[in-house]
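Peer 1: Attaching a predicted model along with its sequence, questions to come.
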Amino acid sequence: MNFLEISLLILAGLSFGGLVRILAGPTVWDRLLGMSLISSKVIVAIAIVAVLLDRSFLMDVAIIYSLLGFISSVLIARFIERKGEA
Amino acid sequence: MSTLIGQALIVIGLLFVATGVYSVLVYKEFYSRVVITAKVDTVGFITIMFGLIVLEGFSFVSAKLLLILVFEMLTSPVSTHAIAHSAYTSGYRIERESDGQLTQEAQE
Amino acid sequence: MVSKIAWYGRFMALMVAVWVVFSENFSLQTILIGAVASVVALVLTNRLILKSDYAALYHVRFVPALWYAVRLVVAIYVAGFQALARMLSGKINVGIVDITTELEDPFAVSLLANSITLTPGTVTLVQSGSSLRVIWLDCTTNDPEIAGPIVKGPFERLLQAALR
């Protein structure tokens, strides 16, 4: 078992913590926080896979994923402001 | 040698990320979760990326890793700020012991 | 005028570098395509999107900006270890405090808000004009006069140097 594979497994285990926060979080902003946490872990995981397999196009996937995570968390946060009214 | 340095950096970064997840799970109150996680998780991200750059050496992949690092350093505080601002304008306030009463009107 | 041309030259060099990294191909053809594309992008955004031109809006000086980035990374690590120590000792006292800055440019104020979100135990909540309302991890005082220098750290001065 490779070092990078073990760190991928640890990252996968850690992103379950964010999933628990999404499922349990009392408010909707806790769920958003868990979502952004998971998205940053997924970016790191894609980068590790790209280094592991030595495929550089996976880095483009990581860039696009970081763009999507940023835009989605900002948009949802703006949308649920004042409970979606006004 | 560079392999060892890179692996050590990745281990340190994983420790930081683990503390971020731990703090998100343990703390009782939303604002302390936001403050701790925004910082510790970003530190872990930067450390893991630096470790990967050291592992990879000087190539186009490491240049793209640097690009992702800069992009994440620019956008991660913005998304944290958006979440905290959304909670604040929706009326979520810090709960004090002296008040003795829940002031979290937004929580239903 | 000369400084404006030099500014555009450095900005174009940055864009071409990003283009070369994206296309993973360091040849003359790639660099030429990147230069043409960066000129087209600059002209189009200057004409259609921005109210004035880039050099007037983002008058960044490059060497102090680089120094600012280095200081930012160092401060991020210091703040990370501080937050870790504070977490392990369990001393967490979260509060909300108002601070004001001397910066006036909205770009500079948002950069300052970004930096202090990353560094000393704070997250910016509301920004209006040049006053910020932040969550503070170790809230000892509510006075903006005392809290301001602790929260802002060296970044206000560095930003003033970097943005002229």
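Peer 2: Looks like it arrived, so ask away. Numbering: from 1, shown residues only, chains lettered A, B, ... in the order given.

Peer 1: and C:Leu159, what is it in contact with?
Peer 2: Neighbour list for C:Leu159: C:Tyr68, C:Leu103, C:Ala108, C:Leu111, C:Leu112, C:Ser115 [criterion: Cβ atoms under 8 Å, 6 or more residues apart in numbering or on different chains]. Every residue, glycine included, has its C-beta placed from N, CA and C.

Peer 1: In this structure the last one contacts C:Leu72, no?
Peer 2: Read that as C:Ser115. Yes: shown here, C:Ser115 and C:Leu72 form a contact pair, counting by Cβ atoms under 8 Å, at 6.0 Å.

Peer 1: What about the contacts of C:Leu159, which one has the most neighbours?
Peer 2: Neighbour counts for those were taken using other Cβ atoms under 10 Å in any protein chain shown; the highest belongs to C:Ser115, with 26 neighbours.

Peer 1: coming back round to it: common neighbours of C:Ser115 and C:Leu72, please.
Peer 2: Between them, C:Ser115 and C:Leu72 share the contacting residues C:Phe155, judged by Cβ under 8 Å, 6+ apart.

Peer 1: follow-up on the earlier one: reformat the contacts of C:Leu159 into a markdown table and put pLDDT and secondary structure next to each item.
Peer 2: Rendered in a markdown table, the data for these read as follows (pLDDT from 0 to 100; DSSP: H, G, I helix; E, B strand; the rest coil):
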| residue | pLDDT | secondary structure |
| --- | --- | --- |
| C:Tyr68 | 81 | helix |
| C:Leu103 | 72 | coil |
| C:Ala108 | 77 | helix |
| C:Leu111 | 78 | helix |
| C:Leu112 | 78 | helix |
| C:Ser115 | 79 | helix |
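
Peer 1: and which of those residues is nearest to chain B?
Peer 2: C:Ser115 (8.0 Å; Cβ to the nearest Cβ).

Peer 1: Skipping adjacent residues, who's closest to the closest one in space?
Peer 2: Counting by Cβ to Cβ, 6 or more residues apart in numbering or on different chains, the nearest residue to C:Ser115 once its immediate chain neighbours are dropped is C:Phe155, at 4.7 Å.

Peer 1: Tally up the residues packed near residue 72, please.
Peer 2: You didn't say which chain, so I picked chain A. For A:Ser72, the number of neighbouring residues by other Cβ under 10 Å comes to 15.

Peer 1: if you could check chain B rather than the one you did, that'd help
Peer 2: Residues near B:Glu72, counting by other Cβ under 10 Å, number 22.

Peer 1: repeat for C:Leu44
Peer 2: Neighbour count for C:Leu44, taken as other Cβ under 10 Å: 10.

Peer 1: Next, the buried residues of the helix or strand harbouring it.
Peer 2: In this structure, C:Leu44 sits in helix C:28-44 according to DSSP states H and E. Under the neighbour-count criterion of 16 or more other Cβ atoms under 10 Å in any protein chain shown, helix C:28-44 has C:Thr30, C:Ile31, C:Ile33, C:Gly34, C:Ser38, C:Leu42 buried.

Peer 1: ditto for stretch A:9-26
Peer 2: For stretch A:9-26, a neighbour-count test (16+ other Cβ under 10 Å) marks A:Ile10, A:Leu11, A:Leu14, A:Ser15, A:Gly17, A:Gly18, A:Arg21, A:Ile22, A:Gly25 as buried.

Peer 1: Looking at these, which are in helices?
Peer 2: Members of the buried residues of stretch A:9-26 lying in helices (criterion: DSSP state H): A:Ile10, A:Leu11, A:Leu14, A:Ser15, A:Gly17, A:Gly18, A:Arg21, A:Ile22.

Peer 1: The third one: what's it in contact with?
Peer 2: So the one you mean is A:Leu14. Taking Cβ under 8 Å, 6+ apart as the contact definition, A:Leu14 lies against A:Lys41, B:Leu14, B:Val17, B:Ala18, B:Val21.

Peer 1: what about the fourth one, how many neighbours?
Peer 2: What it means is B:Ala18. For B:Ala18, the number of neighbouring residues by other Cβ under 10 Å comes to 17.

Peer 1: and the gap between it and C:Tyr8?
Peer 2: With distances defined as Cβ to Cβ, to the nearest Å, the gap from B:Ala18 to C:Tyr8 amounts to 45 Å.

Peer 1: mind checking pLDDT for the spatially most central residue of chain B?
Peer 2: What sits nearest the mean C-alpha location of chain B, by Cα atoms, centre = their mean, is B:Asp41, with 2.5 Å. With respect to pLDDT, B:Asp41 scores 84.

Peer 1: go on, C:Gly148?
Peer 2: C:Gly148 is assigned a predicted lDDT (pLDDT) of 66.

Peer 1: Also A:Lys41?
Peer 2: Looking at A:Lys41, its pLDDT reads 90.

Peer 1: ok, it - contacts?
Peer 2: When contacts are counted by Cβ under 8 Å, 6+ apart, A:Lys41 touches A:Leu11, A:Leu14, A:Ser15, A:Gly18, B:Val17.
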